[in-house]
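Here you go, sequence then predicted model.
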Amino acid sequence: MWSTSHDEAAALLKLNDKDFCEQLTTAFDKKLGEVIQVSQRYHFPLRMRHAKNYVQERIALIGDAAHTIHPLAGQGVNLGLLDAASLVDVMMTALHKRRDFSSLATLRQYERSRKSDNVMMLASVDLLKQLFAQQNALVKNARTAGLSLIDRCSFVKNRLTRYALGNR
Ligand SMILES: Cc1cc2nc3c(=O)[nH]c(=O)nc-3n(C[C@H](O)[C@H](O)[C@H](O)COP(=O)(O)OP(=O)(O)OC[C@H]3O[C@@H](n4cnc5c(N)ncnc54)[C@H](O)[C@@H]3O)c2cc1C
């Protein structure tokens, strides 16, 4: 996936395969080697969205129906799975207590348990996106220094990895 501005995306789509391969090779700093072949290209806008309410009586939104996140950190599926696990938890607890598992009161527990976590992740990924979009040399240097510091600090790196894997 190549995420870029609308204008650059439009220009990239107009290129023939050979020129596109060259652009891709450069964008990847040749880390993939020479790109020699691409398949059909598609484009669509990426939008961060977050539902104001996840639940109504007998209805619950989970996954991308409740929130869409920029795919740069690969977090969309994790958030959806955490939503699903939380929803199952509150419904099973209600069932065990012989309560209506789809009442608004039960479903609100799911919403409360997931919304703040989702907000945190949406905001963090959006911040990362803004940071990577910056072309200012000072910001770029600070970004590179910050990332290499995190890379060398295993305690911070492990905590971030655990967080991203959903162990929270
Ligand atoms: C380019 C891109 C790259 C991504 N990369 C990653 C990644 O690396 N890691 C990651 O974790 N996440 C990634 N994501 C996000 C991830 O794909 C989504 O978060 C995830 O697929 C959401 O799952 P979902 O089941 O909630 O929704 P979806 O996967 O969108 O599933 C919804 C399903 O409902 C169907 N549907 C819609 N309307 C109806 C209807 N009226 N009746 C019946 N069916 C209907 C749709 O066809 C679809 O199959 C990426 C997203 C994009 C766009």
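Structure's in. What do you need?

distance between the ends of stretch 31-43?
23 Å (C-alpha to C-alpha, to the nearest Å).

ok, the nearest residue in space to Leu104 that is not next to it in sequence to the ligand distance?
Nearest residue to Leu104, sequence neighbours excluded (C-beta to C-beta, 6 or more residues apart in numbering): Glu57, at 4.7 Å. From N, CA and C alone the C-beta is placed, and that goes for glycine too. Here the criterion is C-beta to the nearest ligand atom, to the nearest Å. By it, Glu57 lies 21 Å from the ligand.

ok, Glu57 touching Ala105?
No: Glu57 lies out of contact with Ala105 (C-beta atoms under 8 Å); the separation is 9.5 Å.

Test my guess that Asp83 contacts Gly63.
Yes: using C-beta under 8 Å, Asp83 is in contact with Gly63, at 5.9 Å.

quick one, which of these two is more surrounded?
Asp83 (26 against 15; other C-beta atoms under 10 Å).

What is the neighbour count of the nearest residue to that one once chain neighbours are set aside?
If the residues on either side of it in the chain are set aside, Asp83 comes closest to Ile62, at 3.9 Å by C-beta to C-beta, 6+ apart. Ile62 sits with 20 neighbouring residues when counted by other C-beta under 10 Å.

Adjust the sequence numbering to begin at 13 for everything that follows.
Shifting the count to begin at 13 puts that one at Ile74.

Assess the claim that Ile74 and Leu93 are in contact.
No: taking C-beta under 8 Å as the definition, Ile74 is not a contact partner of Leu93, at 9.2 Å.

Give me the distance between Gln146 and Trp14.
Per C-beta to C-beta, to the nearest Å, Gln146 is found 18 Å from Trp14.

same question, Asn130
26 Å.

ok, now which ones touch Ile74?
Residues in contact with Ile74 (C-beta atoms under 8 Å, 6 or more residues apart in numbering) are 66, 92, 95-96, 99.

and those, which are buried?
Among those, the ones that count as buried by 16 or more other C-beta atoms under 10 Å are 66, 92, 95, 99.

Quick one: distance of the longest helix along the chain to the chain centre.
Across the chain, the longest stretch assigned as helix under DSSP state H is helix 116-145. Helix 116-145 has its C-alpha centroid displaced from the chain centroid by 10 Å (C-alpha atoms, centre = their mean, to the nearest Å).

do the same with stretch 15-29
Using C-alpha atoms, centre = their mean, the offset of stretch 15-29 from its chain centre is 22 Å.
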